[in-house]
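Participant: After the sequence you'll find the predicted model.
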Amino acid sequence: MFKYGCLIALALLFSCKEKENTSNTTEQETASIAYTEKFRPQFHFSPPEKWMNDPNGLVFHEGVYHLFYQYYPDDIVWGPMHWGHAVSKDMIRWENKPIALYPDELGLIFSGSAVVDRNNTSGFGEEGKVPLVAIYTYHLMEGEKAGRNDFQTQGIAYSLDNGDSWTKYEGNPVIGNDGIKDFRDPKVFWHEPSQNWIMALVAGDHVKFYESDNLKEWELTSEFGKDKGAHGGVWECPDLFKLPVTGNEEEKWVLLVSMNPGAPNGGSGTQYFVGEFDGTSFTTDQEDAKWIDYGMDNYAGVTYNNTPNGERIFIGWMSNWNYARNTPTEVWRSSMTLPRNISLHKKGGEYNLQSLPLEQFSSLQKMQKQMDSIVLNETYTLEADTFNNTDISFTANLNEPLEVSYSNASGEKVSFTINPEEHKLLLDRTQSGIVDFEESFGQRVQEQPFTLEDREVDIRLIMDASSLEIFIEEGSYIFTNQLFPKEEYTTFEIKAGDAGGVVRQFTYHKITSIWN
Ligand code: FRU
């Protein structure tokens with residue numbers, strides 16, 4: 001827990017008394033924050049102010065998508081964790097809500113999930129009201145400081161007014177700790193065949209599965225992962241769900257596990273496993289990790305419970321523990337990735353995930369330019385007042401490496417290269433703007449091995465005020481990265497080598513801000 005260690009003193013000063021949840025300070029503060037500061041994301045979720053990390057409690061209930069998140073309301077660095085809260089009807093526009101969960105005598109409120117307890121298995125329902133139940137980790141700073149290993153336990157809370165107010169269960173914690181130092185981030189879902197709630201919980205270097213029929217009493221059923229996947233860091237924020245394989249009748253289970261450090265391009269990243277789950281154990285033939293994203297800024301991502309049509313919607317925290325607390329913003333710190341739809345595909349006996357922005361994201365697009373084809377005898381250049389808030393997509397027919405870049409008059413530049421000869425994708429933000437707030441941010445070019453199947457590659461680039469999300473081959477390869485250019489980028493270029501290349505179906509959209 002070294003990453004929280006430096007905050008112990010701060011936490012001890014902090015009063016863990018439950019605050020009244022009826023205060024509307026957050027709403028008043030929200031009203032005065034216009035989301036217009038430099039680097040402020042215009043179509044990604046960021047908290048009105050202060051520090052945010054992981055998405056928590058992603059659940060759809062009564063027409064509303066909830067986004068809870070790890071939140072420290074008193075500073076723009078990590079501190080005693082609360083669950084912040086925002087809601088959306090369409091996963092595009094967000095409304096900020098008051099803080100949902102405050103620390104109490106059992107500890108700070110770390111990451112977790114939320115479920116709709118439709119059959120009132122918990123007994124929390126009253127007068128026919130369906131309870132929304134949050135399942136989260138308690139982190140007891142005093143325990144950590146005393147050098148004990150049992151300071152993380154699991155607790156639950158419920159809401160009968162669709163997330164506006166919460167009551168903690170008096171029998172907390174519902175899962176105690178026998179001495180496992182990193183024991184956290186419960187993801188719970190309803191498993192229809194066994195008529196049980198299933199929980200995936202991480203324990204340092206593996207996932208533990210539990211079952212319960214009432215959300216209060218939990219039984220350990222199995223463990224997974226000590227000898228599978230990547231182990232360069234601590235396992236965090238698991239998620240387990242079933243997905244149909246696109247184009248055939250098969251269904252498989254997918255286990256997401258975030259890990260920090262040890263991601264392919266440094267620091268924090270999210271690996272996944274594809275296999276089977278029989279209600280008690282997860283098994284897979286897969287030995288090595290596969291990754292959700294090859295960029296440096298997509299961490300602790302999990303998916304929604306209870307979506308209306310069973311879609312698998314994923315949101316990640318768009319940052320990296322290497323430098324999350326050092327990024328050059330002042331009012332708030334960090335944002336979420338765009339919500340993405342996850343699908344599963346089988347090719348050559350291998351199962352791979354693809355993820356793409358939700359269809360409805362296109363409702364924010366305003367067409368600027370559309371071209372059927374561009375022959376790349378020379379560099380293709382597009383100029384604009386700013387490339388903030390843009391969505392550019394095209395298909396490239398490659399003979400040679402192709403470089404796409406955004407730059408400005410001060411020579412700041414971020415580039416993405418597809419190199420078919422060296423079988424590599426490369427993202428270079430080393431000269432992208434402010435990079436010196438922490439050494440790993442702009443230290444090296446991010447790389448991912450890549451095999452070009454034919455000469456055609458589709459690319460989509462979505463740029464907000466301080467991020468660039470790149471989706472390749474229908475979201476088979478993704479690079480999500482934060483960027484902090486001193487001046488906005490005004491030049492967009494596509495460059496091919498001497499042998500040229502052809503770009504087809506080029507579209508360039510502006511994206512409307514969701515905050516005005
Ligand atoms: C992941 C994480 C979780 C933990 C939370 C604390 O980023 O470390 O494991 O619950 O952040 O804020």
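Facilitator: Happy to help now that I have it.

Participant: How is this protein divided into domains?
Facilitator: 5-19+46-357, 363-511 (automatic domain parsing).

Participant: what about the ones you listed, which gets the closest to the ligand?
Facilitator: domain 5-19+46-357 (3.3 Å; C-beta to the nearest ligand atom). All C-beta spots, glycine's among them, are computed from the backbone N, C-alpha and C.

Participant: chain center to the closest one: distance?
Facilitator: Relative to the centre of its chain, domain 5-19+46-357 is centred 10 Å away, using C-alpha atoms, centre = their mean, to the nearest Å.

Participant: now do stretch 481-500
Facilitator: Using C-alpha atoms, centre = their mean, the offset of stretch 481-500 from its chain centre is 25 Å.

Participant: pull the CA atoms of it into CSV?
Facilitator: Output of stretch 481-500 as CSV, limited to C-alpha atoms (Å, rounded to 0.1, in the frame of the first residue of the first chain):
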residue,chain,number,x,y,z
ASN,A,481,-3.4,8.9,-23.1
GLN,A,482,-3.5,12.2,-21.3
LEU,A,483,-1.9,15.2,-23.0
PHE,A,484,-1.1,18.7,-21.7
PRO,A,485,0.0,20.9,-24.6
LYS,A,486,0.9,24.4,-23.5
GLU,A,487,-1.0,25.7,-26.6
GLU,A,488,-3.8,23.8,-28.3
TYR,A,489,-2.9,21.7,-31.3
THR,A,490,-3.7,23.5,-34.6
THR,A,491,-2.3,21.1,-37.2
PHE,A,492,-3.3,17.6,-38.0
GLU,A,493,-1.2,15.6,-40.4
ILE,A,494,-1.2,12.2,-42.1
LYS,A,495,2.1,11.2,-43.5
ALA,A,496,3.2,8.1,-45.4
GLY,A,497,6.7,7.1,-46.6
ASP,A,498,8.0,7.5,-50.2
ALA,A,499,5.8,4.7,-51.5
GLY,A,500,2.7,6.7,-50.4
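
Participant: In it, which of the residues would be classed as buried?
Facilitator: 481-485, 488-490, 492-496 (16 or more other C-beta atoms under 10 Å).

Participant: pretty sure Gly475 is touching Leu356, no?
Facilitator: Yes: using C-beta atoms under 8 Å, Gly475 is in contact with Leu356, at 4.1 Å.

Participant: okay, and the common contacts of the two?
Facilitator: Both Gly475 and Leu356 are in contact with Arg340, where contact means C-beta atoms under 8 Å, 6 or more residues apart in numbering.

Participant: Between those two, which is the more surrounded one?
Facilitator: Each of Gly475 and Leu356 has its neighbours counted (other C-beta atoms under 10 Å); Gly475 has more, 21 against 17.

Participant: got the contact list for the more buried one?
Facilitator: Gly475 touches Arg340, Gln354, Ser355, Leu356, counting by C-beta under 8 Å, 6+ apart.

Participant: Lys290 bridge partners, please.
Facilitator: Under DSSP bridges, the beta-bridge partners of Lys290 are Tyr272.

Participant: now it: how far from Phe282?
Facilitator: 15 Å (C-beta to C-beta, to the nearest Å).

Participant: residues from this protein in reach of the ligand?
Facilitator: Contacts of the chain with the ligand, taken as C-beta under 6 Å from any ligand atom, map to Asn53, Asp54, Gln70, Met81, Phe110, Ser111, Thr137, Arg184, Asp185, Glu236, Cys237, Ala300.

Participant: now with 5 Å?
Facilitator: By C-beta under 5 Å from any ligand atom, the part of the chain that sits against the ligand consists of Asp54, Gln70, Met81, Phe110, Ser111, Arg184, Asp185, Glu236, Ala300.

Participant: Point out the most buried one among the domains of the chain.
Facilitator: domain 5-19+46-357 (a mean of 19; mean count of other C-beta atoms under 10 Å).

Participant: Find the least confident helix or strand in this structure, judged by mean pLDDT.
Facilitator: Sorting the helices and strands of the chain by mean pLDDT, DSSP states H and E puts helix 8-13 at the bottom, at a mean of 40.

Participant: Let me see the ranges of the helices in this structure.
Facilitator: In the chain, the helices defined using DSSP state H lie at 2-5, 8-13, 25-32, 141-145.

Participant: what's the least confident stretch among these?
Facilitator: Confidence, taken as mean pLDDT, is least for helix 8-13 of the helices of the chain (a mean of 40).
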